[in-house]
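Undergrad: pasting the structure only:
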């Protein structure tokens, strides 16, 4: 069997293992990449090492280190508490505020998983006190966090934009963020209408003590100022987000506003291992000709007219069980140019946006990290089994919603 065919089988094996096992498939992907590169393709070990995505790794590490400081010194927690106190007891505003707060925090850098981990325990407890349905609260938090997940300064946004740039689709930051945000905002609005949002207008107000006040200290304010300068540099002056994040994190630690040990503990090492490991296998896949076989396989599923919806549906179903950022994005985004060539048509940017949206909309499933974090934060007295079942059904339904959004609405984001 050729190295190209073996590399494609290795990718399919990685996807299958990610659906059925708790193994970090980044480790498996590197092992398979080494074996195929050296023993099937006849490469030297240095050639396998050369496909490691060092630029992507440094960018993701820098961004997560910077927000590790902001997380460990309490800045992000203080912002969360302050945002929730804006309610002034008005229960009807709670779902909207949960979505907005999760979106803002995720957009500014930490990404959806870190945002959900930060916000879910406080927000689910508050929803319980206010008698807001747990399903509605979980969907507002999860969709809000995902709505901001593909900003150009968030860790996952950086990943997606890097993968798109390598595929020849760079320079579309606004379209990437906009399509993802609108899709999640529409879904959240539907969830609000379906699961008790309108009835909350008649709920009794919350007491002022429901959310404790965490005051912004001098350390918090300086941290926010450094983050603001970093964001300005990335968005306005096009500074490299990863390398400048290293500099910003260094400033905060040297100023005594963060501890380097705590900062490093906040880095999602399993995610970095998964993303970079799968990227190594994708590099081998590309250089051995396996990517051409992969795009041929994908092209059998769609036509140029239906590819947006089909690719969103396929990535959504895979992402329900697998890692969106660690498996789906690294596997599918690099395949887009070849897929368009095989189909003989289709807009590459539309397909990329369809992959982004289709894979992300299902991430409120309890089989995903975001859905799991929401369930873990449910207070005593609520039925977690019911919530699990509800989120699972909702996650599967989102694979259809993502396909419809991609087929009919994604073209409006491509100018």
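TA: Thanks, I have it. Treat the numbers as computed from the prediction; the structure is a model and nothing was measured.
Undergrad: For residue 289, give me phi and psi.
TA: Here is the backbone geometry of residue 289 (degrees, to the nearest 10): phi 90, psi 0.
Undergrad: which ones are touching it?
TA: If you count contacts by Cβ atoms under 8 Å, 6 or more residues apart in numbering, residue 289 has them with 2-4, 7. In short, each C-beta sits where N, CA and C put it, glycine included.
Undergrad: what's the answer for residue 273, then?
TA: 24, 26-27.
Undergrad: With respect to residue 77, which of those residues is nearest?
TA: residue 24 (28.0 Å; Cβ to Cβ).
Undergrad: Check which residues of the helix ranked longest in the chain are buried.
TA: Secondary structure of the chain read by DSSP state H shows that its longest helix is helix 384-408. Residues 387-388, 390-392, 394-395, 398-403, 405-407 are the ones in helix 384-408 that count as buried (16 or more other Cβ atoms under 10 Å).
Undergrad: Rebuild the contacts of residue 273 as TSV, extending it with pLDDT and distance to residue 295.
TA: Formatted as TSV, the contacts of residue 273 follow (pLDDT from 0 to 100; distance: Cβ to Cβ, whole Å):
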residue	pLDDT	distance to residue 295
24	88	27
26	91	23
27	95	26
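Undergrad: filter the residues you listed to the buried ones?
TA: The buried subset of these (16+ other Cβ under 10 Å) comprises 24, 26.
Undergrad: now what about the longest helix of the chain, what contacts it?
TA: Helix 384-408 has contacts (Cβ under 8 Å, 6+ apart) with 134-135, 138-139, 183, 186-187, 191, 306, 308-313, 315-317, 320, 350, 353-354, 357-368, 371, 374-375, 378.
Undergrad: So what's the gap between that helix and the chain middle?
TA: 16 Å (Cα atoms, centre = their mean, to the nearest Å).
Undergrad: cool, stretch 121-138 as well?
TA: 23 Å.
Undergrad: before we move on, what about stretch 136-155?
TA: Using Cα atoms, centre = their mean, the distance from the centre of stretch 136-155 to the centre of the chain it belongs to is 8 Å.
Undergrad: Next, the distance between the ends of that stretch.
TA: Using Cα to Cα, to the nearest Å, the end-to-end distance of stretch 136-155 comes to 26 Å.
Undergrad: I would like the residues contacting the lowest-mean-pLDDT helix or strand in the chain, please.
TA: Sorting the helices and strands of the chain by mean pLDDT, DSSP states H and E puts helix 75-85 at the bottom, at a mean of 77. Residues outside helix 75-85 that contact it (Cβ under 8 Å, 6+ apart) are 67, 70-71, 97, 100-101, 104-105, 110, 118-119, 122-123, 126, 211-217, 219-220, 223-224.
Undergrad: Tell me what angle the following helix or strand past it forms with helix 75-85.
TA: Downstream of helix 75-85, the first helix or strand assigned by DSSP states H and E is helix 94-107. On the basis of axes from the mean of the first three to the mean of the last three Cα atoms, to 10 degrees, helix 94-107 is oriented at 160 degrees to helix 75-85.
Undergrad: after helix 94-107 comes which helix or strand?
TA: By DSSP H and E, the next helix or strand past helix 94-107 is helix 112-130.
Undergrad: quick one: buried residues of that following helix?
TA: Across helix 112-130, burial judged by 16+ other Cβ under 10 Å covers 112-128, 130.
Undergrad: Leaving out the residues flanking it, which one is nearest to residue 224?
TA: Closest residue in space to residue 224, ignoring its immediate chain neighbours: residue 75 at 6.4 Å, by Cβ to Cβ, 6 or more residues apart in numbering.
Undergrad: likewise residue 253?
TA: Using Cβ to Cβ, 6+ apart, the nearest residue to residue 253 is residue 260, at 5.3 Å.
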